[in-house]
Structure formats: C-alpha cells, structure tokens
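**Q** quick one, what's the 3D model for this:
(2 chains)
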Amino acid sequence: MLEWLKQPWPWYVAGPLIGLMVPLLLIVGNKSFGISSSLRHICAACIPANIPFFRYNWRNEIWNLFFVAGILLGGVITASFLSNTDPVSINPKLATELAGYGVTNTEGLVPGDLFNWQSLFTIRGVVLIVIGGFLVGFGTRYAGGCTSGHAIMGLSTLQWPSLAATISFMAGGFIVANLLLPVILKL
Amino acid sequence: MNTKEITPVKKHREFLTENADFEVRSLDAVCINESELKHPWWYNFKYAIAGIVFGILLVKAEVISWFRIQEMFRLQSFHMYGVIGTAVATGTLSVWLIKKFKVRTIYNEPIVFINKKLNKGNIYGGLLFGFGWALTGACPGPLFAQIGTGATVIIISLLSAIAGTWVYGNLREKLPH
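**A** Below is the predicted model:
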C-alpha cells in the first residue's frame, strides 16, 4: 500500500479527488474553492498601504490562509513520507529539447538546473523565478482567480467568466511555452 | 437643490456601510464568502487539514511539476488534461447534487453560490497568468506546495507573486476591466 502511495498517482485517481475539494469546502463551511485570493489577503494584512483594493477585513477570509498553510504542510509531508526516488518520467521529445538547454536533471518535480538560489544571479533565473512569479500574482488577481478558483470552482458552477479566464490561461501558457521559453532557456 | 444632491450620496453611503467589506472583498475574486456564523478562530484548522490533503494531491499528481506543465502546453502528455478534466467533472457533478438536494453545510447553513460577471480582466489577466504559469510551472497553489517539498528558492517566486498582486491592487483603477 505504502509503496503504491509513493508512486506518482495517475490522473484518474488524483483528478476526481482534487474535484472533491469543491463540495468538501462548501459543506464544511460554505467556502468557495480558490487559492490566489490568499495572496491578496496577505497584502491586505501586511502591506495595505491605504489602497482601496486592500482595505477590507481580511480576518473574514482567514480560512484561506489556513488552507494555503495546509498546502505547504502537505508538501512537507509528501516529501518526507510519500516521495518516490525515481526521476520524473517526461516525454522524450521534451527531454531532448531541454537537454539542448543544459537542463538534464529530472530528479525533482522542480528542475534543479533552472530553479536554485544561484540561478537568481542569472537573467534566465530572474525571468523564470521572479518575473514568472510576478505574472502569476498580477495575472490571477486581474483575472479574478487562478486554476482552482476559475478552472475548477468556476467551471464547476458553470460561470462564463471562468470559462473565458481558463481559455486565456491556456492561450497564455501555449504562447510562452512554445514561442518564448525556447529563447529564455538559451539565456 | 441641496437636498436633491445629498439624497443619493446618503443612499450610497448607507449601502456601503451595510455591505462595504463584502463588496471590496469580492472584487476580482471567485472564492469570497459571507457566512453569518461567527466561530472561534481555531475552527479554521479544518481548512488547514483540507489544505494538507490538497497539498498532498498536488504533489502526488505531479501537478506541481514544471515538466508536467511544459508537457501540457506542448501537447506532449495527456496527464494534466486528465487531472483538470476529471476534477472539473467531479466538481460539476458535486455542485449539481448540492443544488438538487439543497445540501446544507455541517452547521446547517444553506450553501450559496455567487455568480460573477464577465469582464475584460478575465481575459487580459488570464493571459498574463498563463505567461507566468508557463515560466514558473506553477499556479498559486503549487507555489506553496513546491516550497513545502523543499524547493526553497520558490519562496522568491511566492514573494514576487504577492508583489504582483499588490501592484495590481495599486493599478486596478487604471486597468481596463
């Protein structure tokens, strides 16, 4: 059993379980599943700077901060007790392409060749880690949600804005991954 | 003359004092909630437990893997489409059942759904998030999970994402919505 749990879980097991987060949060306390708002609550709590968008009682949404703290802890637990030591299996086409950029270490889920503290001193690292992170924070709030809020919660409740947002997420990702990333990874 | 001008202002204020906090909180957010119940703060630990479960799922499904995200955007693997597709299907079915059987929360409150209106931000912001998703290989949830698995440099991505949210909040009035 534990051996099986340590393997990567197939999509048809993990996907439905992720989907069950929607009714779980609703039934446990009328909460709509979503993550990116936590970033806004952190802003409202720590650096509101009198900006109207951050002037609200963030304590009313504190459940969201408990939720993301749990996600971080879930990462710790998985890495400590449920991790598999095999390299991540990746599509050979992608492996060949990445090897061309010197990305050969596929041992972790986060490629160590690209995401490490030293790479913060390279242009490539700054684009991937700092600018990438900034776009995630700016874009999700501008869009009104992220993959969990829009793609999962929003689509599950049949919201048009969420469909528009999800299509835009995918379009943006396709553009950068296929057109820009090959240039960035050469930096 | 004066009274005519003052009246609508007063009405607007009345509306604001009643609902201001919720109105502000629900700007540009799907997951905003209004419960009449006031619970002690430690009731929130149940959301931490839900988060732990979700975090484990994100890691074990390899949703937090930069490689999986690249495969998804290059149509080189079905995995992520399978995860998101079955998650949405399960979520949709659950919401349908909740509505059909008028399921209530464990505190016997009716479950509410708030419909959002489409705005240009859904598209512009969505594209920008898509750009960031392809670069970092992570959406906001996975950022937290990646840090948990020991990829400490992602703390910088997370701080940068918080900065991005703050800059958006600051520029919000000037951006097309």
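**Q** could I get the full set of helices for the chain?
**A** All of this refers to chain A. In chain order, chain A shows helices spanning A:2-6, A:11-19, A:21-29, A:37-46, A:62-81, A:92-100, A:123-125, A:132-143, A:155-156, A:160-175, A:181-186, with DSSP state H as the criterion.
**Q** try again with chain B
**A** If DSSP H is used as the criterion, the helices of chain B fall at B:2-25, B:45-60, B:66-73, B:79-100, B:120-136, B:140-148, B:154-171.
**Q** lowest average confidence across those helices, which one?
**A** Comparing mean pLDDT across the helices of chain B, the lowest value falls on helix B:2-25: a mean of 52.
**Q** got phi/psi on the closest residue to A:Leu109 other than its chain neighbours?
**A** Among residues not flanking A:Leu109 along the chain, B:Ser65 sits closest, at 3.9 Å (CB to CB, 6 or more residues apart in numbering or on different chains). C-beta: built from backbone N, CA, C; applies to glycine. Recorded main-chain torsions at B:Ser65 are phi -80, psi 130, according to degrees, to the nearest 10.
**Q** in chain A, which helix or strand is least confident?
**A** Sorting the helices and strands of chain A by mean pLDDT, DSSP states H and E puts helix A:2-6 at the bottom, at a mean of 86.
**Q** show me what that one is in contact with.
**A** Defining contact as CB atoms under 8 Å, 6 or more residues apart in numbering or on different chains, one finds that helix A:2-6 is touched by A:Leu82, A:Ser83, A:Asn84, B:Lys60.
**Q** make it 6 Å
**A** By CB atoms under 6 Å, 6 or more residues apart in numbering or on different chains, the surrounding residues in contact with helix A:2-6 are A:Leu82, A:Asn84.
**Q** same check, this time on stretch B:122-129
**A** By CB under 6 Å, 6+ apart, the surrounding residues in contact with stretch B:122-129 are A:Leu135, A:Phe138, A:Gly139, A:Thr140, A:Tyr142, A:Ala143, A:Pro161, A:Ala164, A:Ala165, A:Ser168, A:Phe169, A:Gly172.
**Q** repeat that with 8 Å
**A** A:135-136, A:138-144, A:146, A:150, A:161-162, A:164-169, A:171-172, A:175, B:139, B:168, B:175-176.
**Q** kindly report the same for stretch B:39-47.
**A** When contacts are defined by CB under 8 Å, 6+ apart, stretch B:39-47 is touched by residues A:Leu25, A:Val28, A:Gly29, A:Lys31, A:Ile62, A:Trp63, A:Asn64, A:Phe66, A:Phe67, A:Gly70.
**Q** against chain B, which of those make the cut? List them.
**A** Contacts with chain B within the contacts of stretch B:39-47, as defined by CB under 8 Å from any CB of the partner chain: A:Leu25, A:Val28, A:Gly29, A:Lys31, A:Ile62, A:Trp63, A:Asn64, A:Phe66, A:Phe67, A:Gly70.
**Q** and the second one, what does it touch?
**A** This points to A:Val28. Shown in contact with A:Val28 (CB under 8 Å, 6+ apart): B:Lys46, B:Tyr47, B:Ala50, B:Thr105, B:Ile106.
**Q** contacts only, for the residue of chain A most remote from its centre.
**A** With distances taken as CA atoms, centre = their mean, the residue sitting farthest from the centre of chain A turns out to be A:Asn50, at 28.6 Å. Not one residue lies near A:Asn50 by CB under 8 Å, 6+ apart.
**Q** phi, psi for it please.
**A** In this entry, A:Asn50 is assigned phi and psi values of phi 60, psi 20 (degrees, to the nearest 10).
**Q** tell me the pLDDT of it.
**A** At A:Asn50, the model reports a pLDDT of 93.
**Q** about what we covered before: ok, and the most crowded of the contacts of stretch B:39-47?
**A** Of all those, the highest neighbour tally under other CB atoms under 10 Å in any protein chain shown goes to A:Phe67, namely 30 neighbours.
**Q** circling back to that earlier point, what subset of the contacts of stretch B:122-129 is buried?
**A** A:135-136, A:138-144, A:146, A:150, A:161-162, A:164-169, A:172, A:175, B:139, B:168 (16 or more other CB atoms under 10 Å in any protein chain shown).
**Q** understood, closing this out.
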